[in-house]
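K.L.:
could you work out the structure for the sequence below:
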Amino acid sequence: MLIKMVNGTIYIKQADEVQYAVIKSLPGFRWIKAAHLLQGPANLDTLDRLAKMVRLPEYIEAERLRLAGIRRAVDRERSNPEPKALVKYPVNRDMYAHQIKAANMTLLTFGIISPEVV
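P.N.:
Okay, the predicted model is just below:
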């Protein structure tokens with residue numbers, strides 16, 4: 001099986017019948033008839049499932065680990081009982097705890113703040 005990732009999209013060629021059936025069942029994957037390949041999103045769930053099936057190329061494995069780090073940081077922030085603002089938010093009033101959590105999780109998810117900061 002050949003795997004390539006470009007701009008957040010996974011392309012898979014030469015998958016055997018079992019691999020094809022498993023990959024085709026993943027959300028967002030579709031068969032591109034003209035190119036004879038499967039195409040789908042390169043999100044953490046997809047990359048985790050592919051990693052269980054085959055050994056991923058180094059750059060795809062690095063992306064999988066980066067996404068896993070972001071997910072762990074967001075989960076830690078979600079369960080934080082006393083959140084602190086990661087940056088000075090441009091609001092006039094004091095923010096409630098759930099608002100601080102949501103703002104911090106948004107910064108982590110969109111990559112504005114690194115998971116190591118949390």
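K.L.:
can you pull the domain assignment for this structure?
P.N.:
Per automatic domain parsing, the domain ranges recorded for the chain read 1-56, 61-118.
K.L.:
now do the buried residues in the helix or strand bottoming out on mean pLDDT in the chain.
P.N.:
When each helix and strand of the chain is scored by mean pLDDT, DSSP states H and E, helix 17-25 comes last, with a mean of 91. Buried positions in helix 17-25, judged by neighbour count with 16 or more other C-beta atoms under 10 Å: Q19, Y20, I23. C-beta here means a position set from N, CA and C on the backbone, and glycine is covered the same way.
K.L.:
so who does the first one touch?
P.N.:
For Q19, the set of contacting residues under the criterion of C-beta atoms under 8 Å, 6 or more residues apart in numbering consists of M1, M53, V54.
K.L.:
surely the first one meets I12?
P.N.:
Going back to what we said before, that points to M1. Yes. Taking C-beta atoms under 8 Å as the definition, M1 is a contact partner of I12 at 6.3 Å.
K.L.:
nice, that's everything, thank you.
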